[in-house]
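**Q** Need a 3D model of the following:
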Amino acid sequence: MGNKPYWLLTLALLLGCSEPRPAPPAAPDAQPAEEKAAQPAVKEEPMMPKRIEGAFPAQVAGMFYTGAPADLEAEVRGYLGDAGAPSVAKERDLVAILSPHAGYRYSGPVAGEAYQAAVGRGHTTVVVLALSHKRAARKVSVLDRPAYDTPLGSVPVDRELARRLIAEHGELFEANEEVFRGEHSLEVQLPFVQIALPGTKVVPIIVAVRDEDVAERAGRALHAMLGKRKDVLFVVSSDLSHHHPYDIARGFDEENLSLLEQWDIGKWRAAASRMAEGMCGYRPLLALVGMLEGWPAKARLVERIDYRNSGDTAGDKSSVVGYGALAFSLEPGVRTEVAAAPDFGPYGEEARRELMALAKKAVSAAARGESFEPPPPTAAILAEPGAAFVTLKKRGDLRGCIGHVIARVPLYRCVADVARSAAIHDTRFSKVTPDELPELTFEISVLTAPAPTTPDEVVVGRDGLIMSRGGRSGLLLPQVPIEWGWEREEFLEHTCRKAGLPVGCWRDPETVIQSFRAIVWGEDE
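**A** Numbers count the residues shown, from 1 in each chain. Okay, the predicted model is just below:
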């Protein structure tokens, strides 16, 4: 370290690939609120910001990016808003982006350009390939946690996919949480994922192996598992050259980016693997190269989205770090599959659209203080008795959720009623205002009739639960344990807590446990 002043050492951490000190763990989750059984409607748990139990805690919040949620959201939205129009043609299939990972003050504008290119392309899963600045590993490291926390909330992990990688390619992948501790290269990507690609799950992967052959083979394994999935986006985290004068750095960076654009991989490997002149995310990129080479060369295209360095973004050109954004795309039709489609049972597309439009009209009228009489439905199934919940969210956070458990009225009337109640009668929130209407997203859950069950019969992701004892009752929808990453016993415990009962109440033979199922759809379904 020598005699360098403290501020200069801090600057080096934020500019590039040095290892920062981990931030303190996030605050523990709030306890679920108590609900009474006698209420005619049941409310879902507030999740603002949504925190998933068991999530991996943020490591560098307050260092590489602000730890204040509102400021972080505004900053990321600002970078995305300042980005130019995406250069990738809409008809092309965007497979991957290269995004930098320095402190947001330095690399945030370039990351904004990278993520703006991915907005609105229908991705449901984001595989983040990052590097370790300190720890080496024998295998490629996968985070086996239900989620990863940031100040904006928990980013759900596609745990099924993560575990499949380990199970099917155990010679290459392992669950190794230690590699993620104190590491910034992966974490700084996540707030951009949360804002630019809301609702997606992530698969956090750190390529900390020294063996280049392992990195390439890992890429081929990813291609074998996900090569047909057009709803998967890969994000590779890498900065470019480090701590050269401005003009010299631009020369090194131009060489590395141009060789990737030309797909001259032999020369790129020689250039990018150099220490200060190359790319610190060389091995994660090597994995991506291994994956991309699984497709025909004529179908691939690498395009530059942006290039800047810290001299451009922060002003000091005497010693800079380079930041590039690239897009890796395929011709349409090469990837043709998506994740398995949800089962909507008897509710066809037109019926779902009609019910969603009804919920929106009911909320709009309620926000404006107007009455609303739902018209008779055109889909006959909506006139049958039904029980439903309507969930309102604003920028991904819960804004209201109320529903009925027992089918006493026609489904279309039930949805209109609970949508109105979610907007103005959910006592946890202020009433929805007309100004908020454009920011709301809607989800409808149609419930089956509750039936007695036992703890051993409960299936997470399929069943919703009602726990009742001594005049108290609590309900959780089937999607709640999935969103929060709970296993079965955790789901049972949280349903007890929702009822205001001890967390172990599900073991008491006096407790009545009922399950139900739900057909759930959002605005894009």
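
**Q** burial count for P296?
**A** Number of residues near P296 (other Cβ atoms under 10 Å) recorded here: 10. In short, each C-beta sits where N, CA and C put it, glycine included.

**Q** how about the nearest residue to it, chain neighbours excluded?
**A** With sequence-adjacent residues excluded and distances taken as Cβ to Cβ, 6 or more residues apart in numbering, P296 is closest to V334, at 7.8 Å.

**Q** all helices for the stretch 351-500 of the chain, in order.
**A** Assigned by DSSP state H, counting those that start in this stretch, the stretch 351-500 of the chain shows helices spanning 411-424, 479-484, 488-498.

**Q** cool, the chain as well?
**A** Counting by DSSP state H, the chain has helices at residues 6-15, 69-82, 104-116, 159-168, 190-196, 212-226, 246-261, 265-272, 282-292, 310-314, 349-367, 411-424, 479-484, 488-498.

**Q** all strands for the stretch 301-450 of the chain, in order.
**A** Secondary structure of the stretch 301-450 of the chain (DSSP state E, counting those that start in this stretch): strands at 320-330, 385-394, 397-403, 409-410, 440-447.

**Q** how far away is the residue nearest to P296 from R229?
**A** According to Cβ to Cβ, to the nearest Å, V334 and R229 sit 11 Å apart.

**Q** And for E370?
**A** With the distance defined as Cβ to Cβ, E370 ends up 45 Å from R229.

**Q** Neighbour count for these two, which is higher?
**A** Taking E370 and R229 together and counting by other Cβ under 10 Å, R229 has the greater number of neighbours (19 against 8).

**Q** Across the sheet, point out what pairs with that one.
**A** With DSSP bridges as the criterion, R229 is bridged to E337.

**Q** please begin residue numbering at 505 from this point
**A** Fine by me, first position is 505 from now on; the one you just mentioned is R733.

**Q** Tell me if I'm right that it and T840 touch.
**A** No. Here R733 lies out of contact with T840, judged by Cβ atoms under 8 Å, at a distance of 9.0 Å.

**Q** Can you tell me which of the strands of the stretch 805-954 of the chain is most buried?
**A** For those, the largest average neighbour count (mean count of other Cβ atoms under 10 Å) is found in strand 824-834, namely a mean of 25.

**Q** relative to helix 750-765, how tilted is it?
**A** Angle between the axes of strand 824-834 and helix 750-765 is 20 degrees (criterion: axes from the mean of the first three to the mean of the last three Cα atoms, to 10 degrees).

**Q** Adjacent strands (with direction) for strand 824-834?
**A** Counting by DSSP bridges, the strands paired with strand 824-834 are strand 597-603 (antiparallel), strand 746-748 (antiparallel), strand 804-813 (antiparallel).

**Q** and the first one, how far from the chain's centre?
**A** To tie it back to what came earlier, the one meant is strand 597-603. For strand 597-603, the distance from its own C-alpha centre to the chain's C-alpha centre is 16 Å (Cα atoms, centre = their mean, to the nearest Å).

**Q** now swap in the shortest one and tell me
**A** Computed by Cα atoms, centre = their mean, the chain-centroid distance of strand 746-748 equals 33 Å.

**Q** what comes up buried for it?
**A** Taking 16 or more other Cβ atoms under 10 Å as the basis for neighbour counts, the residues of strand 746-748 that come out buried are 746, 748.

**Q** Equivalent analysis for stretch 687-706, please.
**A** Of the residues in stretch 687-706, 687-701, 704-706 count as buried by neighbour count, 16+ other Cβ under 10 Å.

**Q** what does stretch 956-976 give?
**A** Of the residues in stretch 956-976, 957, 962, 964, 967-973, 976 count as buried by neighbour count, 16+ other Cβ under 10 Å.

**Q** Just put those in TSV and tack on distance to A640 and pLDDT.
**A** Conversion of the buried residues of stretch 956-976 to TSV gives the following (distance: Cβ to Cβ, whole Å; pLDDT from 0 to 100):
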residue	distance to A640	pLDDT
T957	48	96
V962	42	94
V964	36	87
D967	43	93
G968	45	93
L969	45	95
I970	50	95
M971	48	95
S972	53	96
R973	53	96
R976	53	94
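
**Q** Okay, and which of those residues map to strands?
**A** 968-973, 976 (DSSP state E).

**Q** Quick check: closest non-adjacent residue to P889.
**A** A911 (4.1 Å).

**Q** could you measure the one you found against A953, distance?
**A** Shown here: A911 relative to A953, a distance of 7 Å by Cβ to Cβ.

**Q** Same check on A753?
**A** Applying Cβ to Cβ to A753 and A953 gives a distance of 66 Å.

**Q** So for those two, which residue has more residues nearby?
**A** The neighbour count for A753 versus A953, taken as other Cβ under 10 Å, is higher for A753 (24 against 12).

**Q** and the more buried one, what is it in contact with?
**A** Residues touching A753, when contacts are defined by Cβ atoms under 8 Å, 6 or more residues apart in numbering, comprise 744-745, 813, 815, 824-826.
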